[in-house]
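J.: Prediction below, plus the sequence it came from.
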Amino acid sequence: MRTITVTGSEGLLGSEICDFFEKTDKVKKLDLELGHDLADESFVKKWFKDNPTTYLINCFAMNDHGNSKTTLFDFPLDFFNDYLKINLTSLFSVCREFARNNNEGAIVNFSSIYGMVSPRPTLYDGAHKDIGYCVSKEGVINMTKYLAIHLAPNIRVNCVVPGGVGDDQPQQRIDDYSKLTPMKRMMKKYELNGIMDFLCSEKSSYVTGSSYVVDGGFTSW
């Protein structure tokens, strides 16, 4: 039986991943909805010292879900800093404390296709994805590589780069997104379970520093 910590455990993907692993493994959940503030370094240090697990899956993030109405020129710098604080600084803190309290195991971080390509404004009907989200998600990919080098060979660190997940978006947005995807649809939330199982097992024992793009081909154009 594996022991797995899932951050962002109450979100769309986090809850699905927890449900998947809980059928066979022991899962420990961390989420702001459960009263866990991962931006609080003191809390993070204590929690990981008291709760060592073999695997860590980081789903937590600040995400505007493409509903932002601010323009590039009135986007507050404080808001930009909030993205960096949660999506990069807090992520680094969580990964570091996991590694500090484990002699072996694996970390799986979550980036986004918008850490690889810029969002298309035409997909969001007058709104858009915030620049802070996109920049921070690109940083997750590089952080993963950095940690993979410094935590090897005992702890492997990889990254998953998911595309758009169907979650009751406006039908027009779903249709427009699907037209841009070779698979002609959005991802179903359970379609990450297989790669999570792979990366949190000895099946991926020689895999570290890698980013796995799971986007139905969206970034292949």
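T.: Ah, there it is.

J.: List the buried residues in the helix-or-strand element of the chain with minimal mean pLDDT.
T.: Using mean pLDDT, DSSP states H and E, helix 171-179 stands out as the lowest-scoring helix or strand of the chain, at a mean of 94. Buried residues in helix 171-179, counted by 16 or more other Cβ atoms under 10 Å: Arg173, Ile174, Asp176, Tyr177, Ser178. Backbone N, C-alpha and C define where each C-beta goes, glycine included.

J.: Name the single longest helix found in the chain.
T.: helix 131-151 (DSSP state H).

J.: Can I get that one in CSV, CA atoms only?
T.: What follows is helix 131-151, C-alpha atoms only, in CSV (Å, rounded to 0.1, in the frame of the first residue of the first chain):
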residue,chain,number,x,y,z
ILE,A,131,-0.7,36.7,-17.0
GLY,A,132,0.3,35.8,-13.4
TYR,A,133,-1.2,32.3,-13.8
CYS,A,134,0.6,31.7,-17.1
VAL,A,135,4.0,32.9,-15.9
SER,A,136,3.8,31.0,-12.6
LYS,A,137,2.8,27.7,-14.4
GLU,A,138,5.8,28.1,-16.7
GLY,A,139,7.9,28.4,-13.5
VAL,A,140,6.5,25.1,-12.2
ILE,A,141,8.1,23.3,-15.2
ASN,A,142,11.6,24.7,-14.5
MET,A,143,11.2,24.3,-10.7
THR,A,144,10.5,20.6,-11.4
LYS,A,145,13.7,20.2,-13.3
TYR,A,146,15.7,22.0,-10.7
LEU,A,147,14.4,19.9,-7.9
ALA,A,148,14.8,16.7,-9.9
ILE,A,149,18.6,17.4,-10.2
HIS,A,150,19.1,18.4,-6.5
LEU,A,151,16.9,15.7,-5.0
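
J.: Now do that helix: everything it contacts.
T.: 61-64, 72, 75, 79-84, 86-88, 91-92, 95, 99, 107, 109-112, 114-116, 118-119, 156-159, 161, 208-209, 211 (Cβ atoms under 8 Å, 6 or more residues apart in numbering).

J.: How about stretch 183-191?
T.: Contact with stretch 183-191 is made by 12-13, 16, 20, 162-167, 169, 174, 177-178, 214-217, as judged by Cβ under 8 Å, 6+ apart.

J.: Could you give the separation of that stretch from the chain centroid?
T.: 16 Å (Cα atoms, centre = their mean, to the nearest Å).
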